[in-house]
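Chemist: Got a sequence here, can you build the structure:
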Amino acid sequence: MSLIAVGQIVNVHGIKGVMKVKPYLVNTPDFKGLNPLTDKDGKKHFEATLVGHQKDCWLVAMKGITDRTTAENFKGLELYTEREKLPQTKENEFYHCDLVGLSVYQDNNEFGKVLRVLNYGAGDILQIKTVQGQTLELSFTKANFPMVDIANRKIQIVLPEDVKGRLK
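Modeler: The predicted structure is shown next:
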């Protein structure tokens, strides 16, 4: 069983234990299909119900958590579900966990590895550790990464001219 992070509890909402969850998924899921949600280790289990939205967060009630004080203990916790419960990705759509660890190639030469996927609100950014040991962050666009091969665990990179000058 492999787990995929679907969101992170960022705050509480009101006094009845409702939590604000920053989603990692593009579309708001039917939590009934994702339950039970777990922590990273799969040790804590949560039955979640989507009760609303606030800005870019889901408002989620967790079974058994009925007060603000208890809910506050879970701030910062990432929520996971079994991969099999998530829909298949479409063409040129990827789960972040599928990108992390991919070998990065430039002109058929090994360039580095994807360390993580970041998103500060303007789109996904791949953080790459080069074979020379440098760390590079680059927008995850078709122009920068024209080929992603999840099955063979590799991705092709085309460095923009301004980035080439910064790498030594």
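
Chemist: Next one: residue 7 relative to residue 148, how far apart?
Modeler: 24 Å (C-beta to C-beta, to the nearest Å). C-beta: built from backbone N, CA, C; applies to glycine.

Chemist: and if you look at residue 112?
Modeler: Separation of residue 112 from residue 148 (C-beta to C-beta): 15 Å.

Chemist: These two: who's more crowded?
Modeler: Set residue 112 next to residue 148 and count neighbours by other C-beta atoms under 10 Å: residue 112 wins out with 22 against 15.

Chemist: tell me which element the more buried one is part of?
Modeler: strand 109-119 (DSSP states H and E).

Chemist: And that strand, how far out from the chain middle?
Modeler: Put simply, strand 109-119 sits 15 Å off its chain's centre (C-alpha atoms, centre = their mean, to the nearest Å).

Chemist: With stretch 40-57 instead?
Modeler: With C-alpha atoms, centre = their mean as the basis, stretch 40-57 stands 14 Å off its chain's centre.

Chemist: Tell me which residues are up against it.
Modeler: Contacts with stretch 40-57, where a contact means C-beta atoms under 8 Å, 6 or more residues apart in numbering, come from 1, 3, 5, 10-11, 13, 18, 20-23, 28-31, 34-38, 58-64, 78-80.

Chemist: residues of it that come out buried?
Modeler: Within stretch 40-57, the residues scored as buried using 16 or more other C-beta atoms under 10 Å are 46, 48, 50, 57.

Chemist: Same check on stretch 56-64?
Modeler: Buried residues in stretch 56-64, counted by 16+ other C-beta under 10 Å: 57, 58, 59, 60, 61, 62.
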